[in-house]
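Engineer: sequence plus the predicted model coming up.
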Amino acid sequence: MSTKRLLSTADFHAIPPIIRNSLQWAHNSTAQSNTPFLPKGPSVLATNLIKSYSERGLIKEARILFDEMPERDVVAWTAMIAGYTSCNHYSHAWAMFCEMVRNGVEPNAFTLSSALKGCKSMKALSYGALVHGLAIKHGMKESMYVNNALMDMYATCCVSMDEACMVFQEIDVKNAVSWTTLITGYTHRGDGYGGLRVFRQMLLEEAELNPFSFSIAVRACTSIGSYTLGKLIHSAVITHGFDTNLPVMNSILDMYCRCGCLSEANQYFHEMNEKDLITWNTLITGYERLDSTESLHIFSQMESEGFSPNCFTFTSVTAACANLAVLNCGQQVHGGIVHRGLDGNLALANAVIDMYAKCGSISDSRKVFSEMTCRDLVSWTTMMIGYGAHGYGKEAVELFDEMIRSGIRPDKIVYMAVLSACSHAGLVDEGLRYFKSMVGDYNITPNQEIYGCVVDLLGRAGRVEEAYELIESMPFKPDESVWGALLGACKAHKLPNLGKLAARRVLDLRPNMVGTYVMLSNIYAAEGKWGEYANMRKLMRGMGSKKEAGRSWIEVRDQVYSFVVGDKMGSHIKWVYGVLDLLIWHMKEAGYVPDLDCLIHDQEDAT
DNA sequence: GTAGGGTTAG
């Protein structure tokens, strides 16, 4: 029997030689399975090969081999189901499982835990529950593997942790995997406190601790942003001797970064005697959020130390370029992405769209967006936010409609993007139509942010009374962002009475917002109520707080210069003022009249 | 011969 008969010649030669040889050997052996050395019945070698193929991503070859097997037992079926799961072909895994049951092959604990892993990945609760039923039917409630897989599936697919906890409680003797699966269930759904509660219980019951339990416990601290608890667990990691385990160290590094302790993160990073790509990515990502310039330095350091960046690295580096609005650098990074063939990665392409938009090149955003072979909700949303920020409301609206036509279900965030774009482009009626459709067609309940967008939409267009009526009709108490949107509209359209009311509401909810005092005092000043004005100013001085100075930045000859009003930045200032003069000239040409009143009052004593 | 939990992006 020739192996080549199984596959086309081209396919056969595409297989790595080491596999090709073993395949040849295995086929020769199975062909001689009537020799006394090999057992009759399903081929053990073929099953091994199915696993071998799947591990190397050669799932099609595994399937061909499976189909050629004259007899298939439960082990062969399970190898095939697990193979599909490990190659992320979950629906195939499920189809295979169903076919196996239909063929009358009785599943064992291996089969059920493999099938459950597929259900978890597909978030298919009904399939998972079916497997649970089969586990009970076939008397496999005692299998630790099945129970742990059931917990994992329920924790991932259910709205609450109740079902996973129920399975957990029914396990007589829990092992380390049972505990960590439960903690992971809580932590991955954002309930770090729940995860830490289980971790504490694990310590109280003196369950076996291993690196897995510590890395997830650290992750739980990170998710609640608790530096204190994180530090405590870090000490426990050292006490238990897991401080040389790389995933544990990486999660600790991530904890320091996300808790905003960059100097501690940096120190910890330099003390680590082993580092992998995740270590570098974690640090780069941590710096990207708080100090983008430094994150780019770390990136170049990483490359000089011989690490090759992956999708995660590039996503953070691209975001850093976006934060800094450095087009030239962003273009180079994009070049690196294409050069390494990573431009097909969805999340990375989304980051590139965002980067070009934030660096001012919306046409490049659109180019990347158009060339994507598959797009998710984030891709469409990012593109719409970009259009909105550039004032292209019509394009954003068209994109939204195109997205709906392509069958993507909108969420609150994409509605915020399109509403904000409508707002900035004065497309009031379109925006209101989307707001109605969101509630009517998609059953999305508007939250504070959405109401804030619609108030802004009406307010900017001068329909301030309508905006106020909308606020009055809200089914819950409006927060300061909603009142803030109304206040902005009152200021722009010179409505002192409604403006005072809005400002009072904002101050009730956020008494420390100095900007609101500035706006309120300016309203009094505009009305000539100097006594009230003086009271406001006195209040602000009493608070001792400062209004954050408005910072601007500009890219001149591949350098980004950041500055505030009246800044003197040394010799480079002449470049900046040169470009600013040009911009001001263009703005005046376009008929722009600056709102100098507020500027004077802002500067007087608030900066 | 087949099965498990942890760390990085959006």
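Structural biologist: Alright, I've got the coordinates. Residues are numbered from 1 along each chain as shown, chains lettered A, B, ... in the order given.
Engineer: isn't residue A:49 right next to residue A:64, touching?
Structural biologist: No. Counting by Cβ atoms under 8 Å, residue A:49 stays clear of residue A:64, with 10.5 Å between them. Heads up, the C-betas are built off the backbone N, CA and C, glycines and all.
Engineer: ok, these two, which is more surrounded?
Structural biologist: Legend: neighbour count by other Cβ atoms under 10 Å for residue A:49 and residue A:64, higher for residue A:49 (24 against 14).
Engineer: neighbours of residue A:516, how many?
Structural biologist: Using other Cβ under 10 Å, residue A:516 has 25 neighbouring residues.
Engineer: can you pull the contacts of the closest residue to it other than its chain neighbours?
Structural biologist: Spatially, and ignoring its direct neighbours in sequence, residue A:516 is nearest to residue A:506 (4.8 Å; Cβ to Cβ, 6 or more residues apart in numbering). Residues counted as contacts of residue A:506 (Cβ atoms under 8 Å, 6 or more residues apart in numbering) are A:480, A:483, A:484, A:487, A:513, A:516.
Engineer: my read: the second one touches residue A:498, true?
Structural biologist: No. Look at residue A:483 against residue A:498 with Cβ under 8 Å: they stay out of range, at 10.7 Å.
Engineer: which of those two has more neighbours?
Structural biologist: residue A:483 (24 against 17).
Engineer: quick one: residue A:431 from residue A:103, how far?
Structural biologist: Distance of residue A:431 to residue A:103, given as Cβ to Cβ, to the nearest Å: 57 Å.
Engineer: close to DNA strand B, is the host helix or strand of residue A:218?
Structural biologist: Assigned by DSSP states H and E, residue A:218 belongs to helix A:211-224. Yes. Counting by Cβ under 7 Å from any atom of the strand, DNA strand B has neighbours in helix A:211-224: A:211, A:212, A:213, A:214, A:215, A:216, A:219, A:222.
Engineer: how many neighbours does the first one have?
Structural biologist: Other residues within reach of residue A:211 by the criterion other Cβ under 10 Å amount to 20.
Engineer: cool, the fifth one as well?
Structural biologist: Residues lying near residue A:215 (other Cβ under 10 Å) number 24.
Engineer: any low-confidence regions in the stretch 351-500 of chain A?
Structural biologist: Within the stretch 351-500 of chain A, the set of residues satisfying pLDDT under 70 is empty.
Engineer: try chain A
Structural biologist: Scanning chain A for pLDDT under 70 picks out A:1-41, A:544-563, A:565-566, A:568-576, A:579-580, A:583, A:593-607.
Engineer: let's see it at 50
Structural biologist: A:1-19, A:22, A:25, A:27, A:30-38, A:599-600, A:602-607 (pLDDT under 50).
Engineer: element containing the closest residue to residue A:69 other than its chain neighbours?
Structural biologist: The shortest distance from residue A:69 to any non-neighbouring residue, by Cβ to Cβ, 6+ apart, is to residue A:46 (5.3 Å). According to DSSP H and E, residue A:46 maps onto helix A:44-55.
Engineer: report the buried residues of that helix.
Structural biologist: By 16 or more other Cβ atoms under 10 Å, the buried positions in helix A:44-55 come out as A:44, A:45, A:46, A:47, A:49, A:50, A:51, A:52, A:53, A:54.
Engineer: neighbour-wise, which of the residues of helix A:211-224 next to DNA strand B leads?
Structural biologist: When neighbours are counted by other Cβ under 10 Å, residue A:216 leads those with 26 neighbours.
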